[in-house]
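**Student:** Quick one, fold the following:
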Amino acid sequence: MKHILTSLLIGLTILSQAQLLDPKTKDELDELIQSQVQDTLAPGLAIGIVKDGKIIYEAYSGYADLKNSTPLDGTSRFNYASSGKQFTALAILTLIEKGDLKLDDDIRKYLPEFYPDVEEKIEIQHLITHTSGIRDIYHLWNLQGITWWEESLSNDDALKLLSKQEELSFKPGKLYLYSNSNYLILTEIIKQVTGISFDSFMRNLFNNLGMSDTAFEPNHEDIPKRVLPYGYWKRYRMYEWNADLIGDGALFTSLPNQLRWEAMLQNEKSDFLSKKSIKQSQKTIASSSITNYGYGLEFEEGKSFHHGSTGAYGATFARYSNENLSIVVMTNYSNIIASMITDKCYEILSGTTFPAPSPRKPQTIGNFVSVEELLGTYKTSGGYYYRFVERSDTLFLERTNREPVALEHEKGNIYHEINDPDFQQQFTIDPEVGMQVTAYYPTHDSYTLTKHDISWEDYDYAKLNGKYYSDELNVNFEVKHVSGETYNIIFDYKTYTIQAFEPNILWVKGFKADVVNGAFMLSSSRNLNMRFKKK
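**Tutor:** Residues are numbered from 1 along each chain as shown. Got it, this is the predicted structure:
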């Protein structure tokens, strides 16, 4: 790790002269960042901390470019991803202060072609707080069979599709549902108001803030000092990323630039921004009923933050207002979770220990549960399904949007996947709800599903058969019953063989499809009730 440590220690030597951290704390932070990069030549991360308006820690570990052995340093520009939404919101605030627009302006004042049949106001503040009901563009492209990060899609492409949408997920202002489309639309409103492109407007803003290494980059092929993103598939491989969408993400920035911004916020002082704008940017919107999201910021008690993730890029900033403390973490390696590193930094600095994450494997062994006892359908409150079935003396697990896998008994009340023993299922009985199964895997938190008595008796499986279409997406699909609870969902671009777990409900491509008045209503984590009519 010689090269990695060299790039790390250059920054730390300068900082140690300031003596803003006690030696023990500094050593623990050093150990944390070094622990994330174990190989001699590997992608890595950058960590910075600002306290009381001063940078007290800045460190780098790993490489920006493995092919050319370029170490990460203060000139490296990471993709800040969704953590950059705060700056799109800041741009809106500067225009409000000038009197160029208002928070309660209807977006159709600037984009009259959008949602002509929606009677309720869709206000700018609804975009900022993800309460507009406008559906997430990436989920729309998913239904069209488009893998967005493999395509050179632009904001214009997104706006063209969004302008064809006729319905919202819900009435504006009534719910919070995170949607990247909100911030893409904000970029167009900024363009309409200022008369210049969003990326040019933002370059001027960042230059005025003294953040010359920060910009929304609309051309993925020409990004100076770009840190390359890597995943690990038996070896480090560059993660392909070709999108040209900006405003909801694609903010390329250096750690020193972000630490400068955090210091400005703590000092509430800028030669360009008014103190009023700085203060307002760090609060929720007073006229909104939403208290967990503001100007590109998420809120918890005593903390504001945002996570960003695009492909192998990850970024998190966290601000602890009561302590006048900010932590910034950026990475170019998909195996490093920036939010977890941020939490670990805070633990080191404050001595606070966060609640332990849910266990990744069973902690105890219960009484034996037979195959006959566990067979059946289980689901979460959100409608994610498991079904355990027996075929030819082998136990199989069927899951939402997954291929069936064979299971075998491990011990007691624990079973596991035959080809991946780390995937364990533990069966327990809750006195109030009955049989439950908890799923464990090393890379994610455990989760529990409850057994339900779902009857298919006298059900007409063929009633779902037919062709369905959406004018908003120009997408068609056909449903064909195969046998039992198995259906084929046939899109123009691909056929999916799926298992139905409950009458009149199908899951495909991450969308739950409910039959309502003969139509399929598709919903995902960011889009609700997309109507596919039956032909």
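
**Student:** What segments of the stretch 1-150 of the chain are strands?
**Tutor:** 45-51, 54-61, 63-65, 70-71, 78-79 (DSSP state E, counting those that start in this stretch).

**Student:** now those strands as TSV including mean neighbour count?
**Tutor:** The way it works is simple: take the backbone N, C-alpha and C, and place the C-beta from them, glycine included. Below are the strands of the stretch 1-150 of the chain laid out as TSV (neighbours: other CB atoms under 10 Å):
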stretch	mean neighbour count
strand 45-51	26
strand 54-61	22
strand 63-65	23
strand 70-71	18
strand 78-79	29
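
**Student:** Val371 is nearest to which of these?
**Tutor:** The minimum distance between Val371 and the strands of the stretch 1-150 of the chain falls on strand 45-51, with 45.4 Å, by CB to CB.

**Student:** From the rest of the structure, what touches that closest one?
**Tutor:** Strand 45-51 has contacts (CB atoms under 8 Å, 6 or more residues apart in numbering) with 20, 29, 32-33, 36-37, 55-62, 72, 76, 78, 255-256, 258-259, 262-263, 266, 323-333, 336, 338, 341, 345, 349.

**Student:** Narrow those to just the buried residues.
**Tutor:** 20, 29, 32-33, 36-37, 55-62, 72, 76, 78, 255-256, 258-259, 262-263, 266, 325-333, 336, 338, 341, 345, 349 (16 or more other CB atoms under 10 Å).

**Student:** From those, which land in helices?
**Tutor:** Under the assignment DSSP state H, those contribute 29, 32-33, 255-256, 258-259, 262-263, 266, 338, 341, 345, 349 to helices.

**Student:** Quick one: the strands in the stretch 251-400 of the chain, in order.
**Tutor:** Going by DSSP E, counting those that start in this stretch, the stretch 251-400 of the chain shows strands at 251-253, 298-300, 303-310, 313-320, 325-331, 376-379, 385-391, 394-399.

**Student:** Can you tell me which of those strands is nearest to Phe520?
**Tutor:** When the strands of the stretch 251-400 of the chain are compared by CB to CB, strand 385-391 sits nearest Phe520, at 17.4 Å.

**Student:** Hey, what's the angle from the closest one to strand 394-399? Just curious.
**Tutor:** Interaxial angle of strand 385-391 relative to strand 394-399 (axes from the mean of the first three to the mean of the last three CA atoms, to 10 degrees): 160 degrees.

**Student:** I'd like to know which elements strand 385-391 is packed against.
**Tutor:** Contacts defined by 3 or more CB pairs under 8 Å, 6 or more residues apart in numbering; DSSP states H and E place strand 385-391 against helix 371-374, strand 376-379, strand 394-399, strand 434-441.

**Student:** next structured bit after the last one?
**Tutor:** What it means is strand 434-441. Downstream of strand 434-441, the next assigned helix or strand under DSSP states H and E is strand 444-452.

**Student:** Pull the residues that contact that next one.
**Tutor:** 357-360, 376-380, 384-386, 430, 433-440.

**Student:** repeat for stretch 146-160
**Tutor:** With CB under 8 Å, 6+ apart as the criterion, stretch 146-160 contacts 137-138, 141-142, 181, 184-185, 187-188, 198, 218, 220, 240-247, 310-311.

**Student:** Buried ones among those residues?
**Tutor:** 137-138, 141-142, 181, 184-185, 187-188, 198, 218, 220, 241, 243-247, 310-311.

**Student:** Mark which of those are part of strands, please.
**Tutor:** Using DSSP state E, the members of these that fall within strands are Thr310.

**Student:** from the strands of the stretch 251-400 of the chain, which stretch is densest packed?
**Tutor:** With neighbours taken as mean count of other CB atoms under 10 Å, these reach their highest mean count in strand 325-331, at a mean of 27.

**Student:** Quick one: distance of that strand to the chain centre.
**Tutor:** The gap between where strand 325-331 is centred and where its chain is centred comes out at 17 Å by CA atoms, centre = their mean, to the nearest Å.
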